[in-house]
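Engineer: Take this sequence and fold it.
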Amino acid sequence: MQPVLMIVTSHAQLGNTGKPTGIWAEELTTPYYALQDAGFEVTLASPQGGKPPFVADSLEIKPEDKNSTVTRFLADPVAMGKFNATHKAAAMNAADFSAVFLPGGHGTMWDTATDTATAQLVADSFNAGKPTAAVCHGPAGLVRALRTDGKSILFGKKVNGFTNAEETAAGLMDVVPFHLETKMRELGGVFESGPDWAPYAVRDGNLITGQQQNSGAKAAELVLNALEEDKNRYPTYVLVHGAWADESAWGFVRNDLAKRANVVVVNIPAHGADTRAGSGIGLREYVNTVSKAIAKQSGKVILVGHSMAGHIISQVAENMPLKIDKLIYVSAYLPKNGQNITAITNKFLNNKPIEVFEFNADYSLVSIKKDAIANVVCADCPGYMKDILVKYHRAEPTKGLNDNVVLTSKFAKVPKYYISTKNDYAVPYALQQQM
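Structural biologist: Down below sits the predicted model:
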């Protein structure tokens, strides 16, 4: 799930009127669920952090709107958990997110409009070419953001936001610290608006702006379109796990990579959720599975293998070199033509038996002794993870360990990188260096 940052207001006072203000709920909740339901992880931040204010009127749900996104949000413990403890904007880094979205509410006119951290997050997102969006009064958080040439990010862009006519109708032209439409025009924005109170949003490149509280869905749709197009700008990583593991082994790595890349995680046959019997399954089946995943990608991929998977990705690169941008071996087996994992290991150990192994009757499957699993597979894992590794340990098909790779000049021409790990007990550092 790629992460998207939503920055909301922390401001709760409507100027000097003595009246409360804050976030207009629907401007947060509608884009929130549009993004989440499309598979994006939404992080909430605000200038002050902590629990921000909702405009009370925006929480009044009519009976006919019982299925509204506001109702859903208020009843969603995960969403409300994020809302009650928003991150402080100054602690966020735009590089960690695929897009930035600023919901509105009049509160933004007093804080996100002047908040240095918000302006920097917006500028960094915009200048990196990422979708950068705001709706209603949310564009107040755009007015201090600058391009790399020092001009406003609004300069020369088609933009939209809460109009002067709508502000007049709301009776707040003399209350707000500035008039949003006027400010956006002054900064060089080409202001385009739809009918008052009607859903309306515009996109100019990676800048997306919506008019008022009824425009959240349209703005979110434009953001999702931009994110889909944006995939072409990012590299695609295909991650392949090693022996006695499954795709979940990449959990933390996958989440970090997804901030800046498209990530495909492969689960090889007879591992993890693939419950078929492992006897007779080997390198060919592994290579076919990985190859099919790569073939679905539009361009070249960065193919990453851990441990045993070094053997797999080598053969994949031999078979389809034109689809591989580079190979990355993470403490992985790096075979030469005609080699297999068992032979490489036996040579390194001078044919000394591996005492922690347990074979089935016909030697088609091999397990690690229960009391050794955690130490061999993940010695530095937290306790809960070690417990999971022991609980779900499955025997490894030996065929894949004994199948030879066939590598030629096609494999040799693919760029390769090796990441060594010094405390690895499954593929010792000395063996990594030897390979």
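
Engineer: low-confidence ranges in this protein?
Structural biologist: 1, 64, 66 (pLDDT under 70).

Engineer: Helices of the stretch 1-150 of the chain, residue ranges please.
Structural biologist: Secondary structure of the stretch 1-150 of the chain (DSSP state H, counting those that start in this stretch): helices at 25-37, 69-74, 77-84, 116-127.

Engineer: Show me what the first one is packed against.
Structural biologist: It refers to helix 25-37. strand 3-7, strand 41-46, helix 69-74, strand 132-135, helix 216-230 (3 or more CB pairs under 8 Å, 6 or more residues apart in numbering; DSSP states H and E). Every residue, glycine included, has its C-beta placed from N, CA and C.

Engineer: Output the last one in PDB with nothing but the alpha carbons.
Structural biologist: Right, the one you point to is helix 216-230. Extracted in PDB, the C-alpha atoms of helix 216-230 (Å, rounded to 0.1, in the frame of the first residue of the first chain):
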ATOM      1  CA  GLY A 216     -13.800  16.200  -2.300                       C
ATOM      2  CA  ALA A 217     -14.800  13.200  -4.500                       C
ATOM      3  CA  LYS A 218     -13.900  14.900  -7.700                       C
ATOM      4  CA  ALA A 219     -10.500  16.100  -6.300                       C
ATOM      5  CA  ALA A 220      -9.800  12.600  -5.000                       C
ATOM      6  CA  GLU A 221     -10.600  11.100  -8.400                       C
ATOM      7  CA  LEU A 222      -8.100  13.400 -10.000                       C
ATOM      8  CA  VAL A 223      -5.500  12.400  -7.400                       C
ATOM      9  CA  LEU A 224      -6.100   8.700  -8.100                       C
ATOM     10  CA  ASN A 225      -5.700   9.300 -11.800                       C
ATOM     11  CA  ALA A 226      -2.500  11.100 -11.200                       C
ATOM     12  CA  LEU A 227      -1.200   8.400  -8.900                       C
ATOM     13  CA  GLU A 228      -2.000   5.700 -11.600                       C
ATOM     14  CA  GLU A 229      -0.100   7.700 -14.200                       C
ATOM     15  CA  ASP A 230       2.700   8.300 -11.600                       C
END
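
Engineer: Single out the most deeply packed of the helices of the stretch 1-150 of the chain.
Structural biologist: helix 25-37 (a mean of 24; mean count of other CB atoms under 10 Å).

Engineer: contacts for that one?
Structural biologist: 4, 6, 8, 42, 54-55, 58-59, 68-70, 72-73, 79, 101, 103-105, 133, 135-136, 138, 213-214, 216-217, 219-221, 223-224 (CB atoms under 8 Å, 6 or more residues apart in numbering).

Engineer: now the helices of the stretch 1-150 of the chain as TSV including distance to residue 201?
Structural biologist: Below are the helices of the stretch 1-150 of the chain laid out as TSV (distance: least, CB to CB, whole Å):
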stretch	distance to residue 201
helix 25-37	11
helix 69-74	16
helix 77-84	23
helix 116-127	17
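
Engineer: Please name whichever of these is nearest to residue 48.
Structural biologist: helix 116-127 (10.4 Å; CB to CB).

Engineer: how about the CA coordinates for that closest one, as PDB?
Structural biologist: In PDB, the C-alpha atoms belonging to helix 116-127 read as follows (Å, rounded to 0.1, in the frame of the first residue of the first chain):
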ATOM      1  CA  THR A 116       6.400  26.700   7.500                       C
ATOM      2  CA  ALA A 117       6.300  22.900   7.800                       C
ATOM      3  CA  THR A 118       3.200  22.600   5.700                       C
ATOM      4  CA  ALA A 119       4.600  24.900   3.000                       C
ATOM      5  CA  GLN A 120       7.800  22.800   2.800                       C
ATOM      6  CA  LEU A 121       5.900  19.500   2.600                       C
ATOM      7  CA  VAL A 122       3.700  20.900  -0.200                       C
ATOM      8  CA  ALA A 123       6.700  22.300  -2.100                       C
ATOM      9  CA  ASP A 124       8.700  19.100  -1.700                       C
ATOM     10  CA  SER A 125       5.800  17.000  -3.000                       C
ATOM     11  CA  PHE A 126       5.100  19.400  -5.900                       C
ATOM     12  CA  ASN A 127       8.700  19.800  -6.900                       C
END
